[in-house]
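Asks: Let's see this in three dimensions:
(chains A and B)
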Number of protein chains: 2
Amino acid sequence: MTALWQRRPVGIVGLGLIGGSLGLDLLARGATVRALVHRQATADRALERGLASAVSTDPELLRDCGLVVLALPLDLLLDPPPQLLASLPPGAVITDVGSVKAPVLQAWTARLGPERASRFVASHPMAGTARAGVEAGLAGLFRGRPWVATPIEATDPSALAAVSALAEAVGARWLTCGAADHDRAVALISHLPVLVSAALLQAADRGGAVVSATGRPAAGSAGAVAAGERADAALDPGVSTLSALVRGLASSGFADTTRVGGGNPELGTLMARGNRQPLLAALAQYRQALAELEQLVTSESWPDLQAALAEAQRLRPEFL
Amino acid sequence: MTALWQRRPVGIVGLGLIGGSLGLDLLARGATVRALVHRQATADRALERGLASAVSTDPELLRDCGLVVLALPLDLLLDPPPQLLASLPPGAVITDVGSVKAPVLQAWTARLGPERASRFVASHPMAGTARAGVEAGLAGLFRGRPWVATPIEATDPSALAAVSALAEAVGARWLTCGAADHDRAVALISHLPVLVSAALLQAADRGGAVVSATGRPAAGSAGAVAAGERADAALDPGVSTLSALVRGLASSGFADTTRVGGGNPELGTLMARGNRQPLLAALAQYRQALAELEQLVTSESWPDLQAALAEAQRLRPEFL
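Replies: Numbering: from 1, shown residues only, chains lettered A, B, ... in the order given. Predicted coordinates for the structure are as follows:
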């Protein structure tokens, strides 16, 4: 049997990174894609880029769609505007792309009512780049990436199958699990790393601002430089302040460990806000793990520290 | 004036990643390189690889060297065997490559005595790969990388200049600073990230081992699976346990943030042991920074969290 996305037009609400990429991939596979956007300028540019068959700011466009993908930022998914709800075709299968699932399910189940809620499939295509907006969409974004759905008891199996077929059409790896488990998992592997990594940047910055321990100049140098006087340090490349040192000596390891912490602050905040309790639980796990490592350093328990680091080394490939 | 490494043979003690790479680069620039190694098999292989002009297990080899580089693991640098000390030519400039400087300086100044200690230049070429041993050395390793020296009041300026010329010959970026500042800086940007990153792997593992919140099966799935039953989850790709989820959903962000934490446990322990006090100070800075971020999540201070993440985003390019 042909899938719903092949038989009926697919609606996409929002043409940012996820919506635009989905439009490109579905068009390439022969689907009819109708996209609803907020601004006319976005509609014009999206048509230029070929992100959908038709793009409009008028919800009427979605009328014939059998499947609608809500490719909107998390804040809009958690508090959907009434006009968005009104624009969705009553019989359509609806799915979202939000990175947190329990609150999205709660918001939409309550607003759609039991009959329509059975055709709402909460889902999360886990693909991304650092880009956003109508220029961000790119072909092949979902290939090999997880697309997680979090169905509930009331979910219509045919609605779930329709979203699964959509995910498979764009090459994603389909998974289902409970919404709470999804949210715990992304707290641990996606939202916790943002804070862990941001704190490292702050610690390196603050640690480097401590007044230099070296009161006297290095042999052969022009003179002592005080911590924080980076301009002076720059004048004499042979002598560095602590602040300049931590910046100048940071290597690829530091760059890697801080990458996600240096990412989009709005996005990081939205994730923390939308997944607050699981994130706090993940932070508690993390604090405990770090405190144990610190205790091994404090007590000079070197064989135990080496065993703990060996355990981390053993664990990492399981996550890759 | 020609540099010391051009006028006299250069000795290298140890032909691992750093020693071997240095040998390759110096030979390519026309130096005579004499390498002392521990085992005959290493000597044979090093000659096959062309890491030095001559390689021996006999310290007599170093006799004519004007400059000797101690390219040894940190534990040997911190507690040098008497036969190593005895093998060093009395008039030579000596430098080391240890990743921690204050304890190395202390160990060598005490053992060499004031006259010879003036020609000991503690230094740290900050280049590396994940490889080790006689097969690890590669040409061009130091190009563009920092080579930090930590001279003291008593350091002979001509000895410092000899090591500086060596570093520049292999394309490194020469820097000098106080040993305490060096050790603080590497604690913040190199040793702290190892623990921060290892703790993240442990937290994700432990957090994922929590019993799944989902007692009932996902719609359309074969049945409920208990947390930890990864084999069962693998049988039905549509349903995942929390433990399998955290592993299956981890993306490039998690991979990057955990890279250094999944590295060599012996090396991580050696660094922590050799740089314990600065590392504990860095951990205290880090704990404070993370606690502040956590407090913002706990108190739902979203604008403040966004400001803190924006600060991290602003800081990161300063370290790259």
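
Asks: Based on its surroundings, how many neighbours for residue A:82?
Replies: 8 (other C-beta atoms under 10 Å in any protein chain shown). All C-beta atoms are positioned from the backbone trio N, CA, C, and that covers glycine.

Asks: now do residue A:300
Replies: Neighbour count of residue A:300, defined by other C-beta under 10 Å: 11.

Asks: residue contacts, it?
Replies: B:273, B:276 (C-beta atoms under 8 Å, 6 or more residues apart in numbering or on different chains).

Asks: Secondary structure class of it, three-state.
Replies: Under DSSP: H, G, I helix; E, B strand; the rest coil, residue A:300 falls in the coil class.

Asks: State the distance from it to residue B:279.
Replies: 12 Å (C-beta to C-beta, to the nearest Å).

Asks: One more: residue A:278?
Replies: 31 Å.

Asks: Could you do residue A:129 as well?
Replies: 35 Å.

Asks: which one of the two has more residues nearby?
Replies: The neighbour count for residue A:129 versus residue B:279, taken as other C-beta under 10 Å, is higher for residue B:279 (26 against 11).

Asks: Okay, and the more buried one sits in which element?
Replies: Residue B:279 is part of helix B:276-298 when elements are defined by DSSP states H and E.

Asks: does any part of that helix sit near chain A?
Replies: Yes - counting by C-beta under 8 Å from any C-beta of the partner chain, chain A is contacted by helix B:276-298 at B:276, B:279-283, B:285-290, B:292-294, B:297-298.

Asks: Next, the contact list for the most centrally placed residue in chain A, please.
Replies: Nearest to the mean C-alpha position of chain A, by C-alpha atoms, centre = their mean, lies residue A:99 at 6.3 Å. Counting by C-beta under 8 Å, 6+ apart, residue A:99 touches A:74, A:124, A:126, A:186, A:190, A:271, A:274-275.

Asks: Would you mind listing the residues in contact with the nearest residue to residue A:190 once chain neighbours are set aside?
Replies: Leaving aside its sequence neighbours, residue A:190 sits nearest to residue B:253 (C-beta to C-beta, 6 or more residues apart in numbering or on different chains; 6.5 Å). For residue B:253, the contact set (C-beta under 8 Å, 6+ apart) comprises A:190, A:193, A:259-260.

Asks: a markdown table please, covering the residues you listed and showing secondary structure and pLDDT.
Replies: Formatted as a markdown table, these follow (DSSP: H, G, I helix; E, B strand; the rest coil; pLDDT from 0 to 100):
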| residue | secondary structure | pLDDT |
| --- | --- | --- |
| A:190 | helix | 95 |
| A:193 | helix | 97 |
| A:259 | coil | 96 |
| A:260 | helix | 96 |
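
Asks: Turn the residues you listed into a markdown table, columns for distance to residue B:143 and neighbour count.
Replies: Below are the contacts of residue B:253 laid out as a markdown table (distance: C-beta to C-beta, whole Å; neighbours: other C-beta atoms under 10 Å in any protein chain shown):
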| residue | distance to residue B:143 | neighbour count |
| --- | --- | --- |
| A:190 | 36 | 24 |
| A:193 | 31 | 30 |
| A:259 | 24 | 20 |
| A:260 | 29 | 25 |
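
Asks: Which two of those residues have the greatest separation?
Replies: Farthest pair in these (C-beta to C-beta) is A:190 and A:259. Separation: 12.9 Å.

Asks: so how far is residue A:127 from the residue nearest to residue A:190?
Replies: Distance from residue B:253 to residue A:127, by C-beta to C-beta: 12 Å.

Asks: Output the below-cut-off pLDDT ranges for chain A.
Replies: Along chain A, the model assigns pLDDT under 70 to residues A:211-240.

Asks: go again using 80 as the cut-off
Replies: For chain A, applying pLDDT under 80 flags the ranges A:1, A:128-130, A:210-240.

Asks: which stretches of it form strands?
Replies: Using DSSP state E, the strands of chain A run over A:10-13, A:33-36, A:54-56, A:67-70, A:93-96, A:120-121, A:123-125, A:146-149, A:173-176.

Asks: Just the C-alpha atoms of stretch A:112-122, please, in CSV.
Replies: The C-alpha trace of stretch A:112-122 is given here as CSV (Å, rounded to 0.1, in the frame of the first residue of the first chain):
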residue,chain,number,x,y,z
LEU,A,112,-7.1,18.8,20.2
GLY,A,113,-9.6,16.8,22.2
PRO,A,114,-9.7,12.9,22.3
GLU,A,115,-10.9,12.3,18.8
ARG,A,116,-8.3,14.4,17.0
ALA,A,117,-5.6,13.7,19.5
SER,A,118,-5.6,10.0,18.4
ARG,A,119,-4.1,11.2,15.1
PHE,A,120,-1.5,13.4,16.8
VAL,A,121,1.9,11.7,16.8
ALA,A,122,4.5,13.4,18.9
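
Asks: And the contacts of it?
Replies: Here stretch A:112-122 has contacts from A:85, A:90-96, A:98, A:101, A:104-105, A:108-109, A:149-151, A:154-156, A:159-160, A:162-163, A:179, using C-beta under 8 Å, 6+ apart.

Asks: What about chain B: which of these touch it?
Replies: Within the contacts of stretch A:112-122, those near chain B by C-beta under 8 Å from any C-beta are A:149-151, A:155, A:160.
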